[in-house]
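Chemist: missing the sequence, but the structure's below:
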């Protein structure tokens, strides 16, 4: 039905951990829902009890009866799950790089222009997270991400040192710090770093170290972990990063369901 133009984001964020980002006033919630419609934003719907995900979009918001309409799925299995009485549909999307999330319940199946759609009460709370508060993906060993960070050797020579990326989000990365890099400290900034992800060209990014702390490995060895913020990203880089995160999450979900 809808011509969606804005890509959905990743897995849902826990509401109870993000209280300060919740909208509760009905007028504010309806405003964001209408923006999702106006932007034709693609929404990732997650069935809370079944571990299934489906693409959808909002169709309309009816203020008279406090309900909204959203697209159904091409899968009848998913549609049957949506209309289960106790089912929560967690909806995740983006508006201008801001993570938007809300939950729908008591969804009623209807036919709209010959297609399956659903009517549900307007949610009583809605989350908006700025891009740098995004979900962080723990980088899987089978699909590694590396970062080449430049260090000065002498007065002019620059050497790029490879760091293993431990997790990644739209706002930054955490890396394992090599033992021979004690100068890698908070608030140092590194320009022209190279972020290397599977199936994409290297991204030139600027990083600022935000924190460094020790962590114990399962084998008893200690290592240093550093959280770094992207202070500059080239155009389109955030989309590349989000596609990688979304792809890894889909693979993880498929493995957990025994698919593929």
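Modeler: Right, received. Where do you want to start? Computed from a predicted structure; not experimentally measured.
Chemist: Might you list the low-confidence residue ranges for the stretch 1-150 of the chain?
Modeler: Counting by pLDDT under 70, the stretch 1-150 of the chain shows low-confidence ranges at 1-20, 51, 130-135.
Chemist: Can you show me the strands along it?
Modeler: Secondary structure of the stretch 1-150 of the chain (DSSP state E, counting those that start in this stretch): strands at 22-23, 43-47, 52-56, 58-62, 67-71, 89-95, 98-104, 108-112, 115-121, 126-129, 137-138, 146-153.
Chemist: Would you tell me which of the ones you listed gets closest to residue 236?
Modeler: Ranking the strands of the stretch 1-150 of the chain by their distance to residue 236 (criterion: C-beta to C-beta) puts strand 89-95 first, at 14.8 Å. Quick note: C-beta positions are derived from backbone N, CA and C, even for glycine.
Chemist: list the buried ones in the closest one?
Modeler: When neighbours are counted by 16 or more other C-beta atoms under 10 Å, the buried residues of strand 89-95 are found to be 89, 90, 91, 92, 93, 94.
Chemist: And for stretch 145-155?
Modeler: 145, 147, 149.
Chemist: how about the strands of the stretch 1-150 of the chain, which one is nearest residue 247?
Modeler: Taking C-beta to C-beta as the measure, the strands of the stretch 1-150 of the chain were each checked against residue 247, and strand 137-138 came out nearest at 9.9 Å.
Chemist: which residues sit against the closest one?
Modeler: When contacts are defined by C-beta atoms under 8 Å, 6 or more residues apart in numbering, strand 137-138 is touched by residues 10, 166, 167, 168, 169, 245, 248, 249.
Chemist: Can you pull the phi and psi angles for the fifth one?
Modeler: Looking back up the chat, that one is residue 169. Here the main-chain torsion angles of residue 169 (degrees, to the nearest 10) amount to phi -140, psi -180.
Chemist: partners of residue 138 in the sheet?
Modeler: For residue 138, the beta-bridge assignment (DSSP bridges) gives partners residue 167.
Chemist: er, residue 126 actually
Modeler: If you apply DSSP bridges, the partners that residue 126 bridges to are residue 23.
Chemist: hang on, the earlier thing: just put the buried residues of stretch 145-155 in JSON lines and tack on distance to residue 106.
Modeler: Formatted as JSON lines, the buried residues of stretch 145-155 follow (distance: C-beta to C-beta, whole Å):
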{"residue": "145", "distance to residue 106": "41"}
{"residue": "147", "distance to residue 106": "46"}
{"residue": "149", "distance to residue 106": "51"}
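Chemist: coming back round to it: which one of the buried residues of strand 89-95 is nearest residue 46?
Modeler: Distances from residue 46 to the buried residues of strand 89-95, taken by C-beta to C-beta, are shortest for residue 90, at 4.3 Å.
Chemist: Distance of residue 23 relative to residue 100?
Modeler: As for residue 23, its distance to residue 100 is 10 Å (criterion: C-beta to C-beta, to the nearest Å).
Chemist: again but with residue 69, I slipped
Modeler: Residue 69 sits 17 Å away from residue 100, taking C-beta to C-beta as the criterion.
Chemist: Between those two, tell me which one has more neighbours.
Modeler: In this view residue 69 and residue 100 are compared by other C-beta atoms under 10 Å, and residue 100 has more residues nearby, 23 against 19.
Chemist: Cheers, nothing more for now.
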